[in-house]
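Engineer: This is the structure alone, sequence omitted:
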């Protein structure tokens, strides 16, 4: 739909980075209009996870499959901001921006072994971010370490007159001091997040992380977010409804793709949108329009908005009971091969993969996915921290402490390591880590 | 004077009517036949899995509202599944709960003063459009829609 489109203005977040002297390396691939959890449905093709080519993964694979074409079974990055995550993981850039509406920054961050940060809703400007769900979208930040994410956040956070949903409170600087008060922390483990589909490896790392905090004197308690099982359904209704509205602007008239039919505006719009949108986008638009029909509005849209309040209140109640931060998995498992991922359709996959991440968007809370360790297959696994609204700095402080404890290994890309000196390798890889 | 006016307005009306007929006929040639056949194809199969919520009427209505077509039977099936998925919300007790529109509902929305601070970039904006005449975006005429087509008699369609 946006083929050939050259934006006549920069998004606020991009402009802020450029004003501070950032160098734009390029624009990354994603699922079309950020709809998806695999970065497989983009018009430029699917995104390949750099870990598919890592020494760590390949060595494990050699033990299992022999004579298999190495490139045919590459892994997905997760999505929808998979291109950004892959770019950061492959050392192409210092940081990358993504979007996070249901987990689209945190999901690929976990699969690509990088830090994926979702700021509180209202902290970072959405001006220039193509809206998917106006009440949940935020620009996401992807970096290789938590300190870098804090640096980028420091540049981006703050009120923007062009986005009236940004809060007007003055923003404190985001330098992260070393966090020494772990023993004063209260970590919440939501019991409803122990999903049956959760892989045993992720569950094991989750449990080890909780033990790590406990061993340092923090209070680790089980908490309850009772409406968790409905959050994905609620998200599905609200997302498709807002999408139906937001995608209405793409009619081919003022910008973007335009078909050749000239009989009438409606025929032109319909054909343009048929040609310009893929099945996923069209499916969501139609679902959204269904939920917004007069006869369905109350039962679906309004109902979902009510359930959203219940979900947001769940989080408020938990934080009010003394919990500082929640610790949950980010994804159900490590990255899967592309050929396996495409066996199910986009909507099913999104419903499965967003399970731990999208409730956060409904409540507008800050969250960060931190890479923890490698799985048995040599692939990254990440865990998620969820903080209180507008307590982004505290969340990042805790994440930084945790990152230092786990010492996630650096990806070993053959060509890259051949050129690097051996000192680089030794310095980064040694230390305590959560090993299996 | 008035007779001239009425004569010219009569001529104009006649011309408009002719133009409408021509355009409908063209639009019809473009899609009506295939559209009707395609629609029949969708509803003739009785799928035991389907809840039956997505009737031909609903399909037509949604396509008209969304200006996006289903394109295939799979798409209709996907919508049925999406509806069934959304139906799970019924199990939640929301008595006395207010709908939540925004997480920032307790705050005042920022409104800046109504002063022009930027703009004047018409040329840049027009560059992104495919069809432009001077400073105008060019759109096709906006008269034809399936509803209109349905009301036409066969003789007018000239099929």
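Structural biologist: Arrived safely, thanks for sending. Bear in mind that the values here come from a model prediction, so they are computed numbers and not experimental data.
Engineer: For chain B, give me the ranges with low pLDDT.
Structural biologist: Low-confidence segments of chain B (pLDDT under 70): B:1-52, B:143-159.
Engineer: For it, which segments count as helices?
Structural biologist: Per DSSP state H, chain B carries helices over the ranges B:2-27, B:33-44, B:56-66, B:73-86, B:122-126, B:146-151, B:154-157.
Engineer: so who does residue 106 touch?
Structural biologist: Here I'm looking at chain A. By Cβ atoms under 8 Å, 6 or more residues apart in numbering or on different chains, residue A:106 lies in contact with A:100, A:116, A:118, A:140, A:330, A:357, A:367-369, A:382, A:384. Every C-beta, even on glycine, is put in place using the N, C-alpha and C of the backbone.
Engineer: So which of those residues are in strands?
Structural biologist: Here DSSP state E is the test, and the contacts of residue A:106 give A:100, A:116, A:118, A:140, A:367-369, A:382, A:384 as lying in strands.
Engineer: Relative to residue B:58, which of those residues is nearest.
Structural biologist: Nearest to residue B:58 out of the ones in strands among the contacts of residue A:106 is residue A:100 (Cβ to Cβ; 33.1 Å).
Engineer: measure the closest one to chain B for me?
Structural biologist: Remark: distance between residue A:100 and chain B (Cβ to the nearest Cβ, to the nearest Å) = 14 Å.
Engineer: separation between that residue and residue A:43?
Structural biologist: 21 Å (Cβ to Cβ, to the nearest Å).
Engineer: out of these two, which sits in the more crowded spot?
Structural biologist: residue A:100 (29 against 13; other Cβ atoms under 10 Å in any protein chain shown).
Engineer: dump the residue contacts of that one.
Structural biologist: Contact analysis of residue A:100 by Cβ under 8 Å, 6+ apart lists A:81, A:106, A:116, A:118, A:137-140, A:361.
Engineer: Ok, residue A:374 next?
Structural biologist: A:56, A:380-381, A:409.
Engineer: follow-up on the earlier one: same list (the ones in strands among the contacts of residue A:106) but as JSON lines, adding pLDDT.
Structural biologist: Formatted as JSON lines, those follow (pLDDT from 0 to 100):
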{"residue": "A:100", "pLDDT": "96"}
{"residue": "A:116", "pLDDT": "97"}
{"residue": "A:118", "pLDDT": "97"}
{"residue": "A:140", "pLDDT": "97"}
{"residue": "A:367", "pLDDT": "98"}
{"residue": "A:368", "pLDDT": "98"}
{"residue": "A:369", "pLDDT": "97"}
{"residue": "A:382", "pLDDT": "97"}
{"residue": "A:384", "pLDDT": "97"}
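Engineer: Considering these, which possesses the most neighbours?
Structural biologist: residue A:116 (36 neighbours).
Engineer: sorry, back to before: with the contacts of residue A:374 in mind, which one is nearest to residue A:33?
Structural biologist: residue A:380 (26.5 Å).
Engineer: Just give me the neighbour total for residue 93.
Structural biologist: I went with chain A, as the question did not name one. Residue A:93 sits with 18 neighbouring residues when counted by other Cβ under 10 Å.
Engineer: nope, chain B
Structural biologist: 10.
Engineer: again with the one 3 residues further on
Structural biologist: Neighbour count of residue B:96, defined by other Cβ under 10 Å: 6.
Engineer: Relative to chain A, how far out is it?
Structural biologist: Taking Cβ to the nearest Cβ, one finds residue B:96 at 9 Å from chain A.
Engineer: Now distance to residue A:74 too, for the contacts of residue A:100, in a markdown table please.
Structural biologist: Formatted as a markdown table, the contacts of residue A:100 follow (distance: Cβ to Cβ, whole Å):
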| residue | distance to residue A:74 |
| --- | --- |
| A:81 | 18 |
| A:106 | 22 |
| A:116 | 21 |
| A:118 | 27 |
| A:137 | 29 |
| A:138 | 30 |
| A:139 | 28 |
| A:140 | 24 |
| A:361 | 29 |
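Engineer: Closest one to chain B out of these, please.
Structural biologist: Set against chain B, the nearest of the contacts of residue A:100 by Cβ to the nearest Cβ is residue A:361 (9.3 Å).
Engineer: distance between the strand or helix carrying that closest one and the chain's centre?
Structural biologist: Taking DSSP states H and E as the criterion, residue A:361 maps to helix A:358-363. Helix A:358-363 sits 12 Å away from the centroid of its parent chain (Cα atoms, centre = their mean, to the nearest Å).
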